[in-house]
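1. Quick one, structure for this:
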Amino acid sequence: MAEDPEGEAAARTALLAAKEEPAAAAHSLLMVLGKSLFAALPIAGIVIGAVYLGQCPHQPLIPIYLVVLGAAVLFLMFLSCVPCGDGTDQRSSLTRHLRALCLLFLCGWFMAGNVWVYTIYPPDYETPEQPRFCQRTLFLFAFGITTAVHVVLGVALLLSLCILVGIFVFDAILPYGGHGSRGGP
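-> This next block holds a predicted model:
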C-alpha cells in the first residue's frame, strides 16, 4: 500500500484545526465577557449622567461629562469589535484613524472633566437651593471614575518604569550585554 503524503497532510491540518477551535471559541467568549463587564462602567456613567442632568447647579457640565465620556468609551470599544474589511488581522486605516481621533478626544474630554469635578470639591450635598449644591450620587460617581482613571494611569506608569529599569539592570548584569553567546548580535 502506497503512502499518500497529501492525504496525511490534509488529515493533520484538519486535526489541528479541530484542536484549535475550542481554544478559539473560549478566547472569543472570554473577550466578549470581558468587554461586556468593562462596558458596565460607561453605561452606568451614561445612566447616572442622564438621570441627574440638571441636578448639579454648582457645575452643570458634570452630568454631560459623564454621558459623553461613557458614550465615547463605548464607541471606542465598538471600534475594537469591528471586523477587518479585507479578512486580514490588520485593521483598516479608517478604523485606525477613528480610534486615534476617539482617543485624542477622550484625553481632552478627561482633562476638561478633571477641571469640572475637582474644582468644586467638596460640593454641598444637602440643600438644593444653595449655589454650591451637587447631587451626591452624581458627584461621587464622577469623582470616583475620574480618580480611578488617575490611579490606573499611575499604576501603568509605575509598572512601565519598573519594567524599563529591569531591562536596563538585566542588560548590565547578564554577560555580553544580555545577548547570550559570545559574538552574538
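2. Which residue ranges of the protein form helices?
-> With helices called from DSSP state H, the chain shows them at 5-38, 40-51, 61-81, 93-118, 136-173.
3. Adding mean neighbour count, mean pLDDT and distance to Glu126, write the ones you listed out as JSON lines.
-> No exception for glycine: its C-beta is placed from N, CA and C like everyone else's. Listed next are those as JSON lines, based on neighbours: other Cβ atoms under 10 Å; pLDDT from 0 to 100; distance: least, Cβ to Cβ, whole Å:
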{"stretch": "helix 5-38", "mean neighbour count": "10", "mean pLDDT": "66", "distance to Glu126": "34"}
{"stretch": "helix 40-51", "mean neighbour count": "17", "mean pLDDT": "96", "distance to Glu126": "19"}
{"stretch": "helix 61-81", "mean neighbour count": "18", "mean pLDDT": "93", "distance to Glu126": "18"}
{"stretch": "helix 93-118", "mean neighbour count": "14", "mean pLDDT": "93", "distance to Glu126": "19"}
{"stretch": "helix 136-173", "mean neighbour count": "13", "mean pLDDT": "94", "distance to Glu126": "9"}
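4. Let me know which of those helices is the nearest to Thr127.
-> With Cβ to Cβ as the criterion, Thr127 lies closest to helix 136-173 of these, at 12.0 Å.
5. which other helices and strands contact that closest one?
-> Counting contacts by 3 or more Cβ pairs under 8 Å, 6 or more residues apart in numbering; DSSP states H and E, helix 136-173 packs against helix 40-51, helix 61-81, helix 93-118.
6. Thank you, goodbye.
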